[in-house]
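**Student:** curious how this folds, go ahead:
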Amino acid sequence: MAEALTRDAARRLGVPLDVHSAGTEATRVKDDARTVMAELGLDLNGHTSKTLWDVPDAQHFDYVITVCDSAAEACPAYPGQTTRRHYPFVDPSGGSLDRWRAVRDQQQVQFGAFVHALRAGRDVPPSYDDSLAVPLA
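**Tutor:** Numbering: from 1, shown residues only. Next up is the predicted model:
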């Protein structure tokens, strides 16, 4: 969800970003994630679950953002040019669609603020903060 929401925010704000999502293990894209993202018009059918080693040039990112505590702990060290951020979200797996929607909406705000900061040339948000909502149009 974070990858799709970041790509969407970048598209809306006209910010050219190369966005990749990866986890500590490859599993699958959950059907509930597909459902709640489709409600926003975002199609996850082309998305796959990947590990960090499945994405291009895994050691040379400008930003690495972890969205759960276990990923933050397992995330490898990066060279000096990579900025790391941790935006912790509750894992909605096993929860209701309303729980998935709540996490989706929180991520939409956070990653919208992230892209907005990049566009404005400001520091990206240091942590999750739902007061960061900015218009994406």
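**Student:** any low-confidence regions in the protein?
**Tutor:** In the prediction, the chain carries residues with pLDDT under 70 at positions 58, 69-80, 128-137.
**Student:** those strands in it, which residues are they?
**Tutor:** For the chain, the strands defined by DSSP state E cover 63-66, 83-86.
**Student:** direction included, what does the first one pair against?
**Tutor:** Strands that pair with strand 63-66, judged by DSSP bridges, come out as strand 83-86 (parallel).
**Student:** residues contacting residue 55?
**Tutor:** 20-22 (Cβ atoms under 8 Å, 6 or more residues apart in numbering). All C-beta spots, glycine's among them, are computed from the backbone N, C-alpha and C.
**Student:** make it 6 Å
**Tutor:** 20, 22 (Cβ atoms under 6 Å, 6 or more residues apart in numbering).
**Student:** and what of residue 42?
**Tutor:** Per Cβ under 6 Å, 6+ apart, neighbours of residue 42: 4, 8.
**Student:** adjust the sequence numbering to begin at 141 for everything that follows.
**Tutor:** Sure, I'll start counting at 141 from here, so that last one is residue 182.
**Student:** tell me how far it lies from residue 149.
**Tutor:** Using Cβ to Cβ, to the nearest Å, one obtains 11 Å as the distance from residue 182 to residue 149.
**Student:** the strands of the chain: which one's closest to residue 233?
**Tutor:** strand 203-206 (16.4 Å; Cβ to Cβ).
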